[in-house]
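Participant: Have a look at this prediction, sequence included:
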Amino acid sequence: MAHGHKFTDVVHHGVLLVAILSILIVVVERQLPAQPEPALGDLPKAVQDWHSKGKHVQVFGRKMFVVTAGDKNANQDCVVFFHGFPTSSFDYARALPMLEKSFPKKKLVFFDHIGFGFSDKPQEVCCCSCSAAAEYALILKY
């Protein structure tokens with residue numbers, strides 16, 4: 001029983017350490033000067049091609065980049081793809097042909113979270129899951 005207790009303590013300490021390091025990274029990052037966005041023409045051709053497939057939509061006063069593919073009229077049958085952290089919807093660019101075959105008669109929606117990819121990158125940090133959930137719901141109409 002005591003052995004299991006020690007393992008739990010190690011896990012809790014690890015979780016606490018990750019949380020503290022995450023906070024420190026955010027604090028340090030906010031002290032750094034903002035990096036200018038690269039010009040679209042300076043990006044690799046594959047990224048430029050992905051950008052040409054999408055559009056920007058207004059979500060809560062911010063521009064969110066969205067790519068729709070597949071059956072764009074299938075509003076009721078929609079598959080939404082979320083990218084990881086800290087990446088973008090471009091993660092799905094090479095997989096798009098296979099995804100269209102895997103989800104026939106479905107609308108496929110790929111988007112960049114606010115702060116990532118081609119979406120707006122606000123200076124203020126918002127880590128509110130309620131706000132994010134509302135953003136995701138709004139992009140479904142596009």
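Facilitator: In hand now; what should we look at? Residues are numbered from 1 along each chain as shown.
Participant: Can you give me the pLDDT of residue 2?
Facilitator: Predicted confidence (pLDDT) for residue 2: 51.
Participant: Repeat that for the one 4 residues further on.
Facilitator: According to the per-residue confidence, residue 6 scores 70 in pLDDT.
Participant: can you check residue 15 too?
Facilitator: 70.
Participant: show me the contacts for it.
Facilitator: By Cβ atoms under 8 Å, 6 or more residues apart in numbering, the contact set of residue 15 is empty. (C-beta placed from N, C-alpha, C; glycine too.)
Participant: Per-residue pLDDT of the residue nearest to residue 94 when sequence neighbours are not counted, please?
Facilitator: Computed as Cβ to Cβ, 6 or more residues apart in numbering, the closest residue to residue 94 that is not its neighbour in sequence is residue 46, at 8.0 Å. Per-residue confidence (pLDDT) for residue 46: 97.
Participant: same question, the one 4 residues further on
Facilitator: Reading off the confidence values, residue 50 has pLDDT 97.
Participant: Surely it is in contact with residue 94?
Facilitator: No. Proximity of residue 50 to residue 94 does not meet the contact threshold set by Cβ atoms under 8 Å, at 9.7 Å.
Participant: okay, those two: which has more neighbours?
Facilitator: For residue 50 versus residue 94, neighbours defined as other Cβ atoms under 10 Å are more numerous around residue 50 (24 against 10).
Participant: Now do the contacts for that one.
Facilitator: Neighbour list for residue 50: 67, 89-90, 93 [criterion: Cβ under 8 Å, 6+ apart].
Participant: So which of these wins on neighbours?
Facilitator: Sorting the contacts of residue 50 by how many neighbours each has (other Cβ under 10 Å) puts residue 89 first, at 25 neighbours.
Participant: quick one: the spatially closest residue to residue 48 that is not a sequence neighbour from residue 52, how far?
Facilitator: The shortest distance from residue 48 to any non-neighbouring residue, by Cβ to Cβ, 6+ apart, is to residue 40 (6.0 Å). To residue 52, residue 40 is 9 Å away according to Cβ to Cβ, to the nearest Å.
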